[in-house]
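In: Output the structure for:
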Amino acid sequence: MDDRSARGIAAAVSRLVTAGTLPAGTRLPTVRDVARELGISPTTVSEAWRSLARAGAIQTRGRSGTFVSGPSAPRQRLRYAQLGTRVGELRGGLLRDYSTGVPDYDLLPSLTEALKRIGDARLTTSYLDGAVLPGLEEALRGRWPYPPEQITVVDGAMDALDRIAGVVVRFGDHVLVEDPAFPPTLDLLETVGATVVGVGLDEHGLRPDALTAALAGCEPVALFLQPRAHNPTGASMTQARADKLARILARHPGVTVIEDDHAGAIATAPPVSLGRRLPDRTVHVVSFSKSHGPDLRLAAIGGPASVVTAVTDRRLLGPGWSSRLLQAVLVELLTDPATVRQVAHARDEYARRRTALLDALDERGVAATGADGINIWMAVANQQVALLTLAAHGVAVAPGAPFEVRHLDSDHVRITAGLVRDGFTELADILAEAAGGELRGSGPRAATHPRGWR
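Out: Down below sits the predicted model:
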(Lines give C-alpha, C1' and ligand atoms only; values in the text may rest on other atoms or scores of the structure.)
Protein backbone atom coordinates (compact mmCIF):
# COMPACT_ATOMS: atom_id res chain seq x y z
CA MET A 1 0.00 0.00 0.00
CA ASP A 2 1.55 3.27 -1.16
CA ASP A 3 -0.75 5.71 0.64
CA ARG A 4 -0.64 4.91 4.35
CA SER A 5 -2.59 7.95 5.46
CA ALA A 6 -5.99 7.49 7.08
CA ARG A 7 -7.64 8.45 3.80
CA GLY A 8 -5.50 6.02 1.81
CA ILE A 9 -6.23 3.14 4.18
CA ALA A 10 -9.96 3.86 4.12
CA ALA A 11 -9.96 4.01 0.32
CA ALA A 12 -8.08 0.71 0.05
CA VAL A 13 -10.45 -1.10 2.39
CA SER A 14 -13.46 0.44 0.60
CA ARG A 15 -12.18 -0.90 -2.74
CA LEU A 16 -11.80 -4.38 -1.25
CA VAL A 17 -15.35 -4.25 0.10
CA THR A 18 -16.77 -3.05 -3.23
CA ALA A 19 -14.88 -5.75 -5.14
CA GLY A 20 -16.18 -8.44 -2.82
CA THR A 21 -12.70 -9.37 -1.62
CA LEU A 22 -13.94 -8.47 1.86
CA PRO A 23 -17.53 -9.80 1.86
CA ALA A 24 -20.20 -8.68 4.30
CA GLY A 25 -19.66 -10.12 7.76
CA THR A 26 -15.87 -10.35 7.46
CA ARG A 27 -14.18 -9.62 10.79
CA LEU A 28 -11.45 -7.02 10.33
CA PRO A 29 -8.10 -7.13 12.16
CA THR A 30 -7.76 -4.99 15.25
CA VAL A 31 -6.50 -1.45 14.97
CA ARG A 32 -3.23 -2.41 16.66
CA ASP A 33 -2.69 -5.38 14.34
CA VAL A 34 -3.20 -3.22 11.23
CA ALA A 35 -0.95 -0.51 12.63
CA ARG A 36 1.78 -3.02 13.40
CA GLU A 37 1.50 -4.62 9.94
CA LEU A 38 1.71 -1.25 8.14
CA GLY A 39 4.22 0.31 10.51
CA ILE A 40 2.03 3.31 11.29
CA SER A 41 0.33 4.85 14.29
CA PRO A 42 -2.83 3.20 15.69
CA THR A 43 -4.35 6.69 15.67
CA THR A 44 -4.11 6.76 11.87
CA VAL A 45 -5.85 3.39 11.57
CA SER A 46 -8.54 4.47 14.03
CA GLU A 47 -9.21 7.54 11.90
CA ALA A 48 -9.53 5.35 8.80
CA TRP A 49 -11.91 3.01 10.64
CA ARG A 50 -14.05 5.97 11.76
CA SER A 51 -14.24 7.21 8.18
CA LEU A 52 -15.37 3.80 6.95
CA ALA A 53 -17.93 3.55 9.77
CA ARG A 54 -19.38 6.95 8.90
CA ALA A 55 -19.76 5.76 5.32
CA GLY A 56 -21.53 2.62 6.51
CA ALA A 57 -18.86 0.29 5.10
CA ILE A 58 -17.97 -1.24 8.46
CA GLN A 59 -19.54 -1.48 11.88
CA THR A 60 -18.14 -1.98 15.35
CA ARG A 61 -19.81 -4.49 17.65
CA GLY A 62 -18.15 -3.70 20.93
CA ARG A 63 -15.78 -6.37 22.16
CA SER A 64 -16.81 -8.68 19.32
CA GLY A 65 -14.74 -6.60 16.93
CA THR A 66 -15.21 -4.64 13.71
CA PHE A 67 -16.99 -6.18 10.72
CA VAL A 68 -17.73 -5.38 7.10
CA SER A 69 -21.32 -4.16 6.91
CA GLY A 70 -23.98 -6.06 5.06
CA PRO A 71 -26.05 -4.56 2.27
CA SER A 72 -28.43 -1.76 3.12
CA ALA A 73 -31.74 -2.86 4.55
CA PRO A 74 -34.37 -3.29 1.86
CA ARG A 75 -37.06 -0.64 1.92
CA GLN A 76 -39.69 -3.00 3.32
CA ARG A 77 -37.60 -3.43 6.47
CA LEU A 78 -37.57 0.29 7.24
CA ARG A 79 -39.97 1.45 9.92
CA TYR A 80 -41.29 4.12 7.58
CA ALA A 81 -42.32 1.55 4.97
CA GLN A 82 -44.39 -0.31 7.56
CA LEU A 83 -46.76 2.63 8.02
CA GLY A 84 -48.55 2.19 4.70
CA THR A 85 -51.39 -0.14 3.88
CA ARG A 86 -52.19 -2.66 1.18
CA VAL A 87 -55.82 -3.22 2.01
CA GLY A 88 -57.15 -0.86 -0.68
CA GLU A 89 -58.77 -3.74 -2.50
CA LEU A 90 -60.96 -4.61 0.51
CA ARG A 91 -64.61 -3.61 0.53
CA GLY A 92 -64.54 -3.18 -3.23
CA GLY A 93 -61.74 -0.66 -2.97
CA LEU A 94 -63.79 1.73 -0.79
CA LEU A 95 -60.92 2.47 1.55
CA ARG A 96 -60.75 5.23 4.11
CA ASP A 97 -57.01 5.62 4.51
CA TYR A 98 -56.09 7.30 7.80
CA SER A 99 -52.60 5.81 7.90
CA THR A 100 -50.73 8.46 5.94
CA GLY A 101 -50.02 11.34 8.33
CA VAL A 102 -50.49 13.84 5.48
CA PRO A 103 -52.57 17.04 5.66
CA ASP A 104 -55.95 17.46 4.01
CA TYR A 105 -55.10 18.98 0.63
CA ASP A 106 -58.39 20.88 0.60
CA LEU A 107 -57.17 22.82 3.66
CA LEU A 108 -53.87 23.87 2.05
CA PRO A 109 -53.56 27.36 0.57
CA SER A 110 -53.58 27.70 -3.20
CA LEU A 111 -50.24 28.59 -4.78
CA THR A 112 -51.84 30.20 -7.83
CA GLU A 113 -52.03 33.77 -6.60
CA ALA A 114 -48.58 33.61 -5.01
CA LEU A 115 -47.08 32.44 -8.30
CA LYS A 116 -48.86 35.26 -10.14
CA ARG A 117 -47.46 37.85 -7.74
CA ILE A 118 -43.94 36.51 -8.16
CA GLY A 119 -44.20 36.61 -11.93
CA ASP A 120 -41.04 36.05 -13.96
CA ALA A 121 -38.79 36.30 -10.92
CA ARG A 122 -35.07 36.19 -11.58
CA LEU A 123 -33.95 35.19 -8.15
CA THR A 124 -30.56 33.62 -8.87
CA THR A 125 -27.68 35.73 -10.14
CA SER A 126 -24.85 33.42 -9.06
CA TYR A 127 -24.37 29.87 -7.84
CA LEU A 128 -22.81 31.42 -4.75
CA ASP A 129 -25.84 33.55 -3.83
CA GLY A 130 -27.08 33.20 -0.28
CA ALA A 131 -28.99 30.02 0.54
CA VAL A 132 -32.00 31.96 1.90
CA LEU A 133 -33.88 34.81 0.25
CA PRO A 134 -33.59 37.92 2.47
CA GLY A 135 -37.37 38.33 2.60
CA LEU A 136 -37.84 34.75 3.74
CA GLU A 137 -35.14 35.02 6.40
CA GLU A 138 -36.83 38.14 7.75
CA ALA A 139 -40.18 36.35 7.90
CA LEU A 140 -38.62 33.31 9.58
CA ARG A 141 -36.77 35.30 12.22
CA GLY A 142 -39.99 37.10 13.07
CA ARG A 143 -41.67 33.81 14.03
CA TRP A 144 -38.70 31.88 15.50
CA PRO A 145 -39.17 30.90 19.18
CA TYR A 146 -35.73 32.31 20.09
CA PRO A 147 -33.13 34.47 18.28
CA PRO A 148 -31.13 31.98 16.17
CA GLU A 149 -27.53 32.78 15.34
CA GLN A 150 -28.02 31.61 11.77
CA ILE A 151 -30.83 30.34 9.51
CA THR A 152 -30.85 28.27 6.35
CA VAL A 153 -33.50 26.55 4.24
CA VAL A 154 -33.47 22.92 3.08
CA ASP A 155 -35.80 20.52 1.26
CA GLY A 156 -38.21 19.49 4.02
CA ALA A 157 -37.98 18.42 7.65
CA MET A 158 -36.41 15.02 7.05
CA ASP A 159 -33.77 16.60 4.81
CA ALA A 160 -33.07 18.96 7.70
CA LEU A 161 -32.76 16.16 10.26
CA ASP A 162 -30.58 14.12 7.91
CA ARG A 163 -28.17 17.00 7.34
CA ILE A 164 -28.05 17.97 11.01
CA ALA A 165 -27.36 14.35 11.95
CA GLY A 166 -24.53 14.36 9.43
CA VAL A 167 -22.92 17.21 11.34
CA VAL A 168 -23.63 16.14 14.92
CA VAL A 169 -23.79 12.32 14.99
CA ARG A 170 -21.01 9.83 14.31
CA PHE A 171 -21.14 6.06 14.06
CA GLY A 172 -21.68 4.49 17.47
CA ASP A 173 -22.75 7.74 19.20
CA HIS A 174 -25.60 7.56 21.69
CA VAL A 175 -28.60 9.67 20.69
CA LEU A 176 -31.69 10.33 22.81
CA VAL A 177 -35.12 10.34 21.18
CA GLU A 178 -38.70 10.45 22.35
CA ASP A 179 -40.40 7.10 22.84
CA PRO A 180 -42.59 6.77 20.84
CA ALA A 181 -40.94 8.70 18.01
CA PHE A 182 -41.45 9.45 14.31
CA PRO A 183 -40.36 6.26 12.43
CA PRO A 184 -38.30 7.99 9.68
CA THR A 185 -36.25 9.69 12.41
CA LEU A 186 -35.50 6.31 13.96
CA ASP A 187 -34.65 4.89 10.51
CA LEU A 188 -32.31 7.82 9.89
CA LEU A 189 -30.46 7.43 13.18
CA GLU A 190 -30.12 3.68 12.75
CA THR A 191 -28.80 4.21 9.21
CA VAL A 192 -26.02 6.52 10.39
CA GLY A 193 -25.05 3.97 13.03
CA ALA A 194 -26.29 5.78 16.13
CA THR A 195 -27.18 3.94 19.31
CA VAL A 196 -30.76 5.11 19.94
CA VAL A 197 -31.98 5.55 23.52
CA GLY A 198 -35.69 6.15 24.10
CA VAL A 199 -36.93 8.74 26.60
CA GLY A 200 -40.47 8.51 27.93
CA LEU A 201 -43.21 11.09 27.43
CA ASP A 202 -46.27 12.43 29.16
CA GLU A 203 -48.89 14.90 27.95
CA HIS A 204 -46.35 17.76 28.27
CA GLY A 205 -43.57 16.11 26.27
CA LEU A 206 -40.34 14.53 27.51
CA ARG A 207 -40.52 13.52 31.17
CA PRO A 208 -37.75 15.18 33.22
CA ASP A 209 -37.18 12.02 35.29
CA ALA A 210 -36.84 9.90 32.15
CA LEU A 211 -34.40 12.38 30.61
CA THR A 212 -32.32 12.43 33.81
CA ALA A 213 -32.18 8.63 33.84
CA ALA A 214 -31.20 8.43 30.17
CA LEU A 215 -28.40 10.98 30.64
CA ALA A 216 -27.08 9.01 33.60
CA GLY A 217 -27.00 5.80 31.58
CA CYS A 218 -24.86 7.04 28.67
CA GLU A 219 -23.03 10.04 27.24
CA PRO A 220 -25.26 11.11 24.34
CA VAL A 221 -24.21 13.62 21.70
CA ALA A 222 -27.73 14.67 20.73
CA LEU A 223 -31.38 14.76 21.76
CA PHE A 224 -34.02 14.68 19.02
CA LEU A 225 -37.49 15.87 20.04
CA GLN A 226 -40.74 17.34 18.71
CA PRO A 227 -41.67 20.41 20.75
CA ARG A 228 -45.36 20.46 19.79
CA ALA A 229 -48.02 18.35 18.07
CA HIS A 230 -45.82 15.31 18.71
CA ASN A 231 -46.23 12.60 16.09
CA PRO A 232 -47.85 10.24 17.05
CA THR A 233 -49.20 11.22 20.50
CA GLY A 234 -50.14 14.88 19.90
CA ALA A 235 -48.29 16.03 23.04
CA SER A 236 -46.91 19.59 23.20
CA MET A 237 -44.29 20.98 25.55
CA THR A 238 -45.17 23.83 27.83
CA GLN A 239 -42.57 26.53 28.36
CA ALA A 240 -42.27 25.42 31.98
CA ARG A 241 -41.43 21.88 30.83
CA ALA A 242 -38.95 23.19 28.26
CA ASP A 243 -37.22 25.27 30.94
CA LYS A 244 -37.00 22.26 33.25
CA LEU A 245 -35.51 20.08 30.52
CA ALA A 246 -33.04 22.84 29.68
CA ARG A 247 -31.88 23.01 33.30
CA ILE A 248 -31.23 19.27 33.25
CA LEU A 249 -29.35 19.46 29.94
CA ALA A 250 -27.28 22.42 31.15
CA ARG A 251 -25.32 19.89 33.23
CA HIS A 252 -24.49 17.95 30.04
CA PRO A 253 -22.80 20.43 27.68
CA GLY A 254 -21.95 17.77 25.10
CA VAL A 255 -25.59 17.26 24.08
CA THR A 256 -26.95 19.11 21.04
CA VAL A 257 -30.72 19.53 21.03
CA ILE A 258 -32.47 19.06 17.68
CA GLU A 259 -36.12 20.17 17.65
CA ASP A 260 -38.46 19.11 14.84
CA ASP A 261 -41.43 21.49 14.74
CA HIS A 262 -43.04 19.54 11.91
CA ALA A 263 -46.62 20.80 12.44
CA GLY A 264 -45.66 24.46 12.24
CA ALA A 265 -48.56 26.84 11.79
CA ILE A 266 -51.31 24.22 12.12
CA ALA A 267 -50.28 23.43 15.71
CA THR A 268 -52.60 24.95 18.31
CA ALA A 269 -49.89 25.10 20.99
CA PRO A 270 -47.57 28.14 20.88
CA PRO A 271 -44.02 27.65 19.58
CA VAL A 272 -41.73 26.52 22.40
CA SER A 273 -38.01 25.78 22.34
CA LEU A 274 -35.18 24.79 24.64
CA GLY A 275 -33.24 27.35 22.61
CA ARG A 276 -34.57 30.08 24.85
CA ARG A 277 -32.24 28.77 27.55
CA LEU A 278 -29.71 26.81 25.46
CA PRO A 279 -29.37 28.89 22.25
CA ASP A 280 -25.75 27.89 21.66
CA ARG A 281 -26.61 24.20 21.26
CA THR A 282 -30.25 24.04 20.16
CA VAL A 283 -31.03 23.53 16.48
CA HIS A 284 -34.67 24.23 15.68
CA VAL A 285 -36.36 22.96 12.50
CA VAL A 286 -39.64 24.39 11.20
CA SER A 287 -41.48 22.60 8.40
CA PHE A 288 -44.12 24.08 6.10
CA SER A 289 -45.37 20.78 4.67
CA LYS A 290 -48.42 20.37 6.91
CA SER A 291 -49.42 24.03 6.83
CA HIS A 292 -48.59 25.22 3.31
CA GLY A 293 -47.98 22.12 1.20
CA PRO A 294 -45.77 18.99 1.14
CA ASP A 295 -44.66 19.71 -2.42
CA LEU A 296 -43.12 23.02 -1.43
CA ARG A 297 -40.39 20.76 0.03
CA LEU A 298 -39.19 23.50 2.35
CA ALA A 299 -38.10 23.56 5.97
CA ALA A 300 -35.98 26.07 7.86
CA ILE A 301 -33.07 25.31 10.19
CA GLY A 302 -32.08 27.86 12.81
CA GLY A 303 -29.48 27.64 15.55
CA PRO A 304 -25.77 27.94 16.27
CA ALA A 305 -23.61 28.89 13.30
CA SER A 306 -21.31 25.93 13.99
CA VAL A 307 -24.10 23.56 12.88
CA VAL A 308 -26.04 25.66 10.39
CA THR A 309 -22.92 26.78 8.48
CA ALA A 310 -21.74 23.17 8.26
CA VAL A 311 -25.11 22.17 6.76
CA THR A 312 -25.05 25.08 4.28
CA ASP A 313 -21.46 24.40 3.21
CA ARG A 314 -22.09 20.69 2.69
CA ARG A 315 -25.11 21.44 0.49
CA LEU A 316 -22.85 23.44 -1.82
CA LEU A 317 -21.41 20.08 -2.90
CA GLY A 318 -24.88 18.73 -3.66
CA PRO A 319 -28.07 20.64 -4.45
CA GLY A 320 -26.43 23.96 -3.52
CA TRP A 321 -29.63 25.61 -2.34
CA SER A 322 -33.37 25.02 -2.12
CA SER A 323 -35.29 26.50 -5.04
CA ARG A 324 -35.41 30.26 -4.63
CA LEU A 325 -38.59 30.26 -6.69
CA LEU A 326 -40.28 28.09 -4.05
CA GLN A 327 -38.76 30.26 -1.33
CA ALA A 328 -40.35 33.30 -2.96
CA VAL A 329 -43.69 31.48 -3.04
CA LEU A 330 -43.34 30.73 0.66
CA VAL A 331 -42.60 34.38 1.44
CA GLU A 332 -45.82 35.33 -0.32
CA LEU A 333 -47.78 32.68 1.59
CA LEU A 334 -46.36 33.73 4.95
CA THR A 335 -47.05 37.42 4.43
CA ASP A 336 -50.34 37.42 2.49
CA PRO A 337 -53.22 38.22 4.93
CA ALA A 338 -55.70 36.00 3.09
CA THR A 339 -53.34 33.02 3.23
CA VAL A 340 -52.61 33.64 6.90
CA ARG A 341 -56.36 33.51 7.57
CA GLN A 342 -56.69 30.33 5.52
CA VAL A 343 -53.93 28.57 7.48
CA ALA A 344 -55.56 29.70 10.74
CA HIS A 345 -58.84 28.20 9.50
CA ALA A 346 -57.04 24.93 8.72
CA ARG A 347 -55.58 24.87 12.24
CA ASP A 348 -59.05 25.35 13.75
CA GLU A 349 -60.60 22.73 11.46
CA TYR A 350 -57.97 20.14 12.37
CA ALA A 351 -58.64 20.86 16.04
CA ARG A 352 -62.39 20.40 15.45
CA ARG A 353 -61.87 17.05 13.72
CA ARG A 354 -59.45 15.80 16.37
CA THR A 355 -61.73 16.82 19.21
CA ALA A 356 -64.83 15.34 17.59
CA LEU A 357 -63.16 11.95 17.12
CA LEU A 358 -61.57 11.99 20.58
CA ASP A 359 -64.92 12.84 22.17
CA ALA A 360 -66.60 10.02 20.31
CA LEU A 361 -63.88 7.58 21.39
CA ASP A 362 -64.11 8.87 24.95
CA GLU A 363 -67.83 8.10 25.00
CA ARG A 364 -66.96 4.52 24.05
CA GLY A 365 -64.25 4.22 26.70
CA VAL A 366 -61.36 3.98 24.23
CA ALA A 367 -57.92 5.17 25.38
CA ALA A 368 -56.62 7.76 22.92
CA THR A 369 -54.49 10.92 22.94
CA GLY A 370 -54.23 13.74 20.42
CA ALA A 371 -54.13 17.18 21.99
CA ASP A 372 -52.56 18.82 18.93
CA GLY A 373 -51.65 18.25 15.29
CA ILE A 374 -53.45 15.93 12.87
CA ASN A 375 -52.96 12.53 14.52
CA ILE A 376 -54.53 10.44 17.28
CA TRP A 377 -52.62 7.72 19.18
CA MET A 378 -55.05 4.99 20.20
CA ALA A 379 -54.36 2.06 22.52
CA VAL A 380 -55.52 -1.35 21.31
CA ALA A 381 -55.51 -4.80 22.89
CA ASN A 382 -53.65 -6.30 19.93
CA GLN A 383 -52.16 -4.36 17.04
CA GLN A 384 -52.54 -7.00 14.35
CA VAL A 385 -56.10 -7.85 15.35
CA ALA A 386 -56.95 -4.13 15.33
CA LEU A 387 -55.48 -3.62 11.84
CA LEU A 388 -57.36 -6.62 10.44
CA THR A 389 -60.61 -5.55 12.10
CA LEU A 390 -60.31 -2.08 10.62
CA ALA A 391 -59.34 -3.46 7.21
CA ALA A 392 -62.53 -5.54 7.20
CA HIS A 393 -64.42 -2.24 7.48
CA GLY A 394 -62.36 -0.64 4.71
CA VAL A 395 -60.41 1.54 7.18
CA ALA A 396 -56.63 1.80 7.24
CA VAL A 397 -54.52 3.22 10.08
CA ALA A 398 -50.81 3.07 10.87
CA PRO A 399 -49.50 0.34 13.22
CA GLY A 400 -47.95 1.62 16.43
CA ALA A 401 -44.92 -0.69 16.58
CA PRO A 402 -42.75 1.28 14.08
CA PHE A 403 -43.02 4.33 16.36
CA GLU A 404 -41.65 2.50 19.42
CA VAL A 405 -38.02 2.46 20.53
CA ARG A 406 -38.99 -0.12 23.13
CA HIS A 407 -42.38 -1.80 23.38
CA LEU A 408 -44.84 0.35 25.30
CA ASP A 409 -47.21 -0.87 27.97
CA SER A 410 -49.86 -1.71 25.37
CA ASP A 411 -50.23 -1.90 21.60
CA HIS A 412 -51.26 1.22 19.67
CA VAL A 413 -52.32 2.48 16.26
CA ARG A 414 -51.99 5.98 14.82
CA ILE A 415 -55.00 7.57 13.14
CA THR A 416 -54.65 10.64 10.92
CA ALA A 417 -57.71 12.38 12.35
CA GLY A 418 -57.02 15.44 10.22
CA LEU A 419 -58.36 13.51 7.23
CA VAL A 420 -61.66 12.60 8.95
CA ARG A 421 -64.12 15.23 7.74
CA ASP A 422 -67.35 13.73 9.07
CA GLY A 423 -68.93 10.44 10.19
CA PHE A 424 -67.17 10.59 13.56
CA THR A 425 -69.80 8.47 15.36
CA GLU A 426 -69.67 5.65 12.84
CA LEU A 427 -65.85 5.70 12.70
CA ALA A 428 -65.61 5.70 16.49
CA ASP A 429 -67.80 2.58 16.60
CA ILE A 430 -65.41 0.83 14.21
CA LEU A 431 -62.34 2.01 16.11
CA ALA A 432 -63.84 0.92 19.43
CA GLU A 433 -64.45 -2.54 18.01
CA ALA A 434 -60.83 -2.67 16.84
CA ALA A 435 -59.49 -1.43 20.20
CA GLY A 436 -60.56 -4.65 21.90
CA GLY A 437 -62.00 -5.70 25.21
CA GLU A 438 -59.66 -4.77 28.04
CA LEU A 439 -59.14 -1.23 26.78
CA ARG A 440 -62.85 -0.41 26.82
CA GLY A 441 -64.20 1.70 29.63
CA SER A 442 -60.75 2.74 30.80
CA GLY A 443 -61.13 6.53 30.86
CA PRO A 444 -58.72 7.47 28.09
CA ARG A 445 -58.32 11.21 27.77
CA ALA A 446 -54.68 12.30 27.67
CA ALA A 447 -54.81 14.65 30.62
CA THR A 448 -56.06 11.99 33.01
CA HIS A 449 -55.15 8.62 31.57
CA PRO A 450 -51.48 7.59 31.34
CA ARG A 451 -51.85 4.60 29.00
CA GLY A 452 -49.35 4.92 26.16
CA TRP A 453 -47.07 7.33 28.03
CA ARG A 454 -43.80 6.01 29.42
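In: how close does residue 266 sit to residue 199?
Out: As for residue 266, its distance to residue 199 is 25 Å (criterion: CB to CB, to the nearest Å). C-beta here means a position set from N, CA and C on the backbone, and glycine is covered the same way.
In: How about residue 265?
Out: 27 Å.
In: And for residue 255?
Out: 12 Å.
In: which neighbours do those two share?
Out: 176, 223 (CB atoms under 8 Å, 6 or more residues apart in numbering).
In: the helices in the stretch 151-300 of the chain, which residues?
Out: In the stretch 151-300 of the chain, the helices defined using DSSP state H, counting those that start in this stretch lie at 157-168, 183-191, 208-217, 239-249, 289-292.
In: Which among the ones you listed is found nearest to residue 275?
Out: helix 239-249 (8.7 Å; CB to CB).
In: OK, contacts around residue 182?
Out: So residue 182 contacts 226, 231-232, 260, 262, 403 (CB under 8 Å, 6+ apart).
In: Go again with 7 Å.
Out: residue 231 (CB atoms under 7 Å, 6 or more residues apart in numbering).
In: quick revisit: which one, of the helices of the stretch 151-300 of the chain, ends up nearest to residue 301?
Out: helix 157-168 (5.1 Å).
In: Quick one: mean pLDDT for the closest one?
Out: Per-residue pLDDT values over helix 157-168 give a mean of 96.
In: by contact count, what packs against that helix?
Out: Contacts defined by 3 or more CB pairs under 7 Å, 6 or more residues apart in numbering; DSSP states H and E place helix 157-168 against helix 183-191, strand 256-261, strand 282-287, strand 299-303, helix 305-315.
In: Number of residues surrounding residue 143?
Out: Neighbourhood size, residue 143 [other CB atoms under 10 Å]: 12.
In: Residue 129 now?
Out: Residue 129 - counted by other CB under 10 Å - has 13 other residues nearby.
In: From residue 235, how far out is it?
Out: 40 Å.
In: about what we covered before: for residue 265 and residue 199, work out which one has more neighbours and name it.
Out: residue 199 (27 against 20).
In: and stretch 401-414, which residues are buried?
Out: Neighbour counts over stretch 401-414 (16 or more other CB atoms under 10 Å) mark 401-405, 408, 410-414 as buried.
In: Also stretch 384-397?
Out: 386-387, 389-391, 393-397.
In: Kindly report the same for stretch 236-250.
Out: Buried-residue list, stretch 236-250, by 16+ other CB under 10 Å: 236-237, 241-242, 244-246, 249.
In: Same check on stretch 114-127?
Out: Neighbour-count burial for stretch 114-127 [16+ other CB under 10 Å]: residue 114.
In: Kindly report the same for stretch 221-229.
Out: 221-229.
In: Equivalent analysis for stretch 51-63, please.
Out: Going by 16+ other CB under 10 Å, stretch 51-63 has these buried residues: 51-54, 57-58, 60.
In: quick one: terminal-to-terminal distance for that stretch?
Out: Start-to-end span of stretch 51-63 (CA to CA, to the nearest Å) is 20 Å.
In: contacting residues around that stretch?
Out: 6, 10, 13-14, 17, 28, 49, 66-69, 170-172, 193.
In: Of the residues you listed, grab the buried ones for ChimeraX.
Out: Buried subset of the contacts of stretch 51-63, written as a ChimeraX selection, criterion 16+ other CB under 10 Å:
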select :6,10,13,14,17,28,49,66,67,68,69,171,172,193
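In: Take the contacts of stretch 51-63 and keep only those in strands.
Out: When DSSP state E defines the strands, the subset of these inside them is 66-68.
In: one step back: can you tell me which of the buried residues of stretch 401-414 are in helices?
Out: Using DSSP state H, no member of those falls in helices.
In: And the residues you listed, which is closest to residue 425?
Out: residue 413 (19.1 Å).
In: contacting residues around that closest one?
Out: Here residue 413 is in contact with 378, 380, 383, 386-387, 397-400 (CB under 7 Å, 6+ apart).
In: 6 Å instead?
Out: Residues near residue 413 by CB atoms under 6 Å, 6 or more residues apart in numbering: 378, 380, 386, 397, 400.
In: Those in strands, which ones?
Out: Using DSSP E, those in strands are 378, 380, 397.
In: would residue 127 count as being in a strand?
Out: No. Counting by DSSP: H, G, I helix; E, B strand; the rest coil, residue 127 is not part of a strand but coil.
In: measure the closest residue to it other than its chain neighbours to residue 165 for me?
Out: In space, and not counting its chain neighbours, residue 127 is closest to residue 320: 6.3 Å by CB to CB, 6 or more residues apart in numbering. Distance from residue 320 to residue 165, counting by CB to CB: 20 Å.
In: Specify which residue of these two has the higher count of neighbours.
Out: Ranked by neighbour count (other CB under 10 Å), residue 320 and residue 165 place residue 165 first, with 21 against 13.
In: who's in contact with that one?
Out: residue 192.
In: swap the cut-off to 10 Å and go again
Out: 173, 175, 185, 188-189, 191-192, 194, 222, 224, 258 (CB atoms under 10 Å, 6 or more residues apart in numbering).
In: the longest helix in this protein is where?
Out: Identified as the longest helix of the chain according to DSSP H is helix 337-363.
In: Can you mark which positions in that one are buried?
Out: In helix 337-363, counting by 16+ other CB under 10 Å, buried: 339, 342-343, 346-347, 349-351, 353-354, 356-358, 360-362.
In: just checking, what packs against it?
Out: helix 112-118, helix 289-292, helix 324-335, strand 368-369, strand 376-380, strand 411-415, helix 424-435 (3 or more CB pairs under 10 Å, 6 or more residues apart in numbering; DSSP states H and E).
In: quick revisit: nearest to residue 154, of the ones in strands among the contacts of residue 413?
Out: For those, the nearest to residue 154 is residue 397 (30.1 Å; CB to CB).
In: so how far is residue 382 from the closest one?
Out: Taking CB to CB, one finds residue 397 at 14 Å from residue 382.
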